[in-house]
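**Q** the following block contains a protein sequence and its predicted model.
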Amino acid sequence: MPELPEVETVRAGLARQVLGRTVESVELRRDSAVRRHDGGPADFEARLTGRTLTAAVRRGKYTWLLLDDDPDRGVLLTHLGMSGQMLVQPPEPPPTPHTRARLALTGPGGDVLLDFVDQRTFGSLAVVPVAPTPDGAPGGQGSALPVVPVPVAHIARDLLDPHLDRAALEAAVRRRRTGIKRALLDQTLVSGVGNIYADEALWRARVHWASPTATLRRSRLVAVLDSAEEVMREALSAGGTSFDALYVNVNGQSGYFDRALAVYGQAGRPCRRCGAVVVREPFMNRSSYRCPQCQRAPRAARLVPPGGRVL
DNA sequence: AAGGCCACCTGCTTGC
DNA sequence: TGCAAGCAGGTGGCCT
């Protein structure tokens, strides 16, 4: 669920509410929450305790917190997975069954808890080293430092990143031999887009998910990328999308963008543009939603099927 | 070696 | 009623 707009909402909340505070203690309630941390749970706690959170940075769906303004001693990398939440709250409430880690923070404005809550456990926390960005530009939104966490080095810049090279992205998509939706979801090509915003972008651009990247008309490709950027900006303005309260901001509140979704989760409902009935189709062991009228395939032989092989 | 598959994980919903 | 299957899906690692 958390895609770029949801993760950015969380990043901005962290930037407002925890920066300048120091980690007084770390309570790990489930070791697998730090499975991507190299030294194990004890090392994770040791490397975090006593450090001051100085910036909140995001690229795609990854967020990291700078510690003591000194990236050379590691940064706190977070990924929300499918169901992760970062909650900032007063020190009172006991942990919930899905609280995986709890950081007690102290500093200006009083003591708070930073809880990492994650029902489906695909999210993770880790203190990791950084590497310089190849282009020398800032690593992500929220800091001017030209570094990214090493586990994020293979993640491409996202569509809201002012340093994204759109011409290079279009060329890279063009070199792929796959369907356009697969390309949109490939975080090494462009980051931040997940299943929801991929479907919404393709609907806005009137493009079928299986359209081959290599032969898609340039105007169509530009429309898809522009639509993805546009729909994510709109979702961000609405505080993100939420279906079931799994996605919330740092204060536990849901966004409103689910009311604006045109096709995702709308199977059986009329397309708001043409009235045709929105369909749900199997795609990569999950689902794709589209309008069968607005997003028609040019010809069956020109589509890349869900399995990847061209017919 | 680029592209595709799938395990990982939990809880809710659906169907028999 | 109870159990099983289906579904949600981002990612790393592995396979071809």
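**A** That came through fine.

**Q** buried ones in stretch A:233-241?
**A** When neighbours are counted by 16 or more other CB atoms under 10 Å, the buried residues of stretch A:233-241 are found to be A:235-236, A:238-241. (Glycine included, C-beta is placed from N, CA and C.)

**Q** same deal with stretch A:26-34?
**A** Residues of stretch A:26-34 classed as buried by neighbour count (16+ other CB under 10 Å): A:26, A:28-29, A:33-34.

**Q** one more: stretch A:280-287?
**A** Result for stretch A:280-287 [16+ other CB under 10 Å]: buried residues A:280, A:283.

**Q** and A:Ala183, how close does it get to A:Val224?
**A** Between A:Ala183 and A:Val224 the distance is 9 Å, computed by CB to CB, to the nearest Å.

**Q** circling back: could the buried residues of stretch A:233-241 be laid out in CSV, adding secondary structure?
**A** Listed next are the buried residues of stretch A:233-241 as CSV, based on DSSP: H, G, I helix; E, B strand; the rest coil:
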residue, secondary structure
A:Ala235, helix
A:Leu236, helix
A:Ala238, coil
A:Gly239, coil
A:Gly240, coil
A:Thr241, coil
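
**Q** quick check, nearest of these to A:Val117?
**A** Nearest to A:Val117 out of the buried residues of stretch A:233-241 is A:Gly240 (CB to CB; 16.0 Å).

**Q** burial of the closest residue to A:Arg220 other than its chain neighbours, as a residue count?
**A** Leaving out its chain neighbours, the residue that sits closest to A:Arg220 by CB to CB, 6 or more residues apart in numbering is A:Val207, at 5.5 Å. Using other CB atoms under 10 Å, A:Val207 is surrounded by 24 other residues.

**Q** what pLDDT does A:Pro306 get?
**A** A:Pro306 carries a pLDDT score of 66 in this model.

**Q** which strand or helix spans A:Leu14?
**A** Take DSSP states H and E as the rule and A:Leu14 turns out to sit in helix A:4-17.

**Q** hang on, A:Asp31 packs against A:Pro41?
**A** Yes: taking CB atoms under 8 Å as the definition, A:Asp31 is a contact partner of A:Pro41 at 4.9 Å.

**Q** picking up where we left off before, now the buried residues of stretch A:233-241 in a markdown table, with distance to DNA strand B and pLDDT?
**A** Below are the buried residues of stretch A:233-241 laid out as a markdown table (distance: CB to the nearest atom of the strand, whole Å; pLDDT from 0 to 100):
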| residue | distance to DNA strand B | pLDDT |
| --- | --- | --- |
| A:Ala235 | 23 | 91 |
| A:Leu236 | 26 | 91 |
| A:Ala238 | 24 | 83 |
| A:Gly239 | 23 | 75 |
| A:Gly240 | 20 | 70 |
| A:Thr241 | 18 | 65 |
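
**Q** could you identify the most distant pair in those?
**A** Within these, A:Leu236 and A:Thr241 form the most distant pair, 10.0 Å apart (CB to CB).

**Q** find residues that contact each of the two.
**A** With CB atoms under 8 Å, 6 or more residues apart in numbering applied, the overlap between the contact sets of A:Leu236 and A:Thr241 consists of A:Pro5.

**Q** if we can go back for a sec, could you tell me how far the residue nearest to A:Arg220 is located from A:Leu225?
**A** Summarising the geometry, the distance separating A:Val207 from A:Leu225, computed by CB to CB, is 11 Å.

**Q** would you mind listing the buried residues in the helix holding A:Leu14?
**A** A:4-15, A:17.

**Q** same deal with stretch A:74-92?
**A** The neighbour-count check on stretch A:74-92 (16+ other CB under 10 Å) flags A:74-81, A:83-88 as buried.

**Q** residue contacts, the residue in chain A positioned nearest to DNA strand C?
**A** Proximity of chain A to DNA strand C (CB to the nearest atom of the strand) peaks at A:Gly194, 3.3 Å away. Residues touching A:Gly194, when contacts are defined by CB under 8 Å, 6+ apart, comprise A:1-4, A:61, A:185.

**Q** swap the cut-off to 10 Å and go again
**A** With contact taken as CB atoms under 10 Å, 6 or more residues apart in numbering, A:Gly194 is in contact with A:1-4, A:6-7, A:60-61, A:82, A:184-185, A:187.

**Q** no more questions from me, cheers.
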